[in-house]
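Student: Give the three-dimensional model of this entry:
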Amino acid sequence: VPFIDAAFASGDSYFAGESETVVGAGLGLRYHTAIGPVRLDVATPLDRIDDDPEVVIYVGLGQAF
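Tutor: From the prediction side, this is the model:
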């Protein structure tokens, strides 16, 4: 499953400080097992900021909320 994800990120809890909209894209794989779905996502930021990693891997078990 290809995806694009965007978020508004700020170092301040009230978004009063410096903030940016960040965007990432990647591919996700879902596999349904007897104990629930297994999720594997591999993504990269489209506009890297400072020390952002080039690739991020997420593995999950169960439903995403």
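Student: quick one: low-confidence parts of the protein?
Tutor: For the chain, residues meeting the criterion pLDDT under 70 lie at 11-19, 64-65.
Student: 50 - rerun?
Tutor: For the chain, no stretch is flagged by pLDDT under 50.
Student: longest strand anywhere in the chain?
Tutor: strand 19-33 (DSSP state E).
Student: Does anything pack onto the next helix-or-strand element following that strand? Which helices or strands?
Tutor: As assigned by DSSP states H and E, the chain's next helix or strand after strand 19-33 is strand 36-45. The helices and strands touching strand 36-45, judged by 3 or more Cβ pairs under 8 Å, 6 or more residues apart in numbering; DSSP states H and E, are strand 2-10, strand 19-33, strand 56-61. Heads up, the C-betas are built off the backbone N, CA and C, glycines and all.
Student: Could you dump the ones you listed into CSV with mean neighbour count and distance to residue 42 added?
Tutor: Listed next are these as CSV, based on neighbours: other Cβ atoms under 10 Å; distance: least, Cβ to Cβ, whole Å:
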stretch, mean neighbour count, distance to residue 42
strand 2-10, 10, 10
strand 19-33, 12, 5
strand 56-61, 12, 5
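Student: Which among the ones you listed is found nearest to residue 48?
Tutor: For these, proximity to residue 48 was assessed by Cβ to Cβ; strand 19-33 is nearest, at 9.0 Å.
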